[in-house]
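Trainee: Provide a 3D model corresponding to the input given below.
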Amino acid sequence: MLTLNSFDRWKASGLHLVLSALIAATVVALVAFVWYPRPYFEAMGGGTLLRLLIGVDVVLGPLITLIIFDTRKPRLKFDLAAVAMLQLAALAYGSYIMFEARPVYNVFVKDRFETIPANDLDGESLARAGSEFRDLPMAGPRVVTASPPANPEESLKIAIGAMSGGPDIAKMPHLYKPYDAAASEVARAARPLQGLARQGKTQSDAVTDFVSTHGDNASNLGYLPVRARNKDFAMIIDRKTGQIVGSIAINPW
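Mentor: Residues are numbered from 1 along each chain as shown. Below is the predicted model:
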């Protein structure tokens, strides 16, 4: 039977590191494949947030164990329990922050998409939204469209508020509509994919790889810029139907 006396500080720290790494791997999988699926992981800064979170969980906890572990201490069990509780609290808080900042909607507005995290949605607008838009997605953002309100006074109020730092149309779920309802509008707004390829070698190579991978005729494809918190990218659109074909992680501007 293993007891604390069976360990020295290096073995205890190593075990702590293994357990922390297993827990961290679970969090990484949840973030990278569920809350922030590609291409949103990089676009929304998921890597930066994860590095901070894992740095505390995987590095700091085992390091503290290495420093404080001494079987001669009468309160060693209490000290180790306190470290574990603090580590779990930090992990839970960090996970909560990442959950709240997860992308929930990718909103087409006029001539572009905007990726909106859960904590950027306007609360008043969310309360007014239809039931299909009040339940925030858990596994990656839902693609929708948004248009200015029909009421001129409300439209002007939103425009003035946005210029003063308030929420704009893309952050107001009561103005959302299902994507299919405006797919033809998206198709008309899409820019020719050849134009993206002409912006530079990086863009050209990325477009060539995308077309060869998807087996599509580039003349039928277009793109629209996607604004995101950390890095903008290009959404590839079928210019006949307006349906989304995929994305390319390059600067679309």
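Trainee: quick one, what contacts the nearest residue to Leu221 once chain neighbours are set aside?
Mentor: Excluding the flanking residues, the one nearest Leu221 by CB to CB, 6 or more residues apart in numbering is Leu193, at 4.4 Å. For the C-beta atoms, the positions are set from N, CA and C on the backbone; glycine is no exception. Listed by CB atoms under 8 Å, 6 or more residues apart in numbering, the contact partners of Leu193 are 207, 211, 218, 221-223, 236.
Trainee: which of the residues you listed lies closest to Ile169?
Mentor: Tyr223 (21.4 Å; CB to CB).
Trainee: Please identify which helix or strand holds the closest one.
Mentor: In the assignment (DSSP states H and E), Tyr223 maps to strand 221-227.
Trainee: chain center to that strand, what's the gap?
Mentor: Using CA atoms, centre = their mean, to the nearest Å, the mean C-alpha position of strand 221-227 is found 18 Å from that of the whole chain.
Trainee: In its sheet, which strands sit next to that strand, and in what direction?
Mentor: According to DSSP bridges, strand 221-227 forms sheet pairs with strand 112-117 (parallel), strand 191-192 (antiparallel), strand 233-238 (antiparallel).
Trainee: Arg142: neighbour count?
Mentor: Arg142 is flanked by 18 other residues according to other CB atoms under 10 Å.
Trainee: pLDDT score for Val28?
Mentor: pLDDT for Val28: 85.
Trainee: That one reaches Ile54, doesn't it?
Mentor: Yes - look at Val28 against Ile54 with CB atoms under 8 Å: they come within range, at 7.2 Å.
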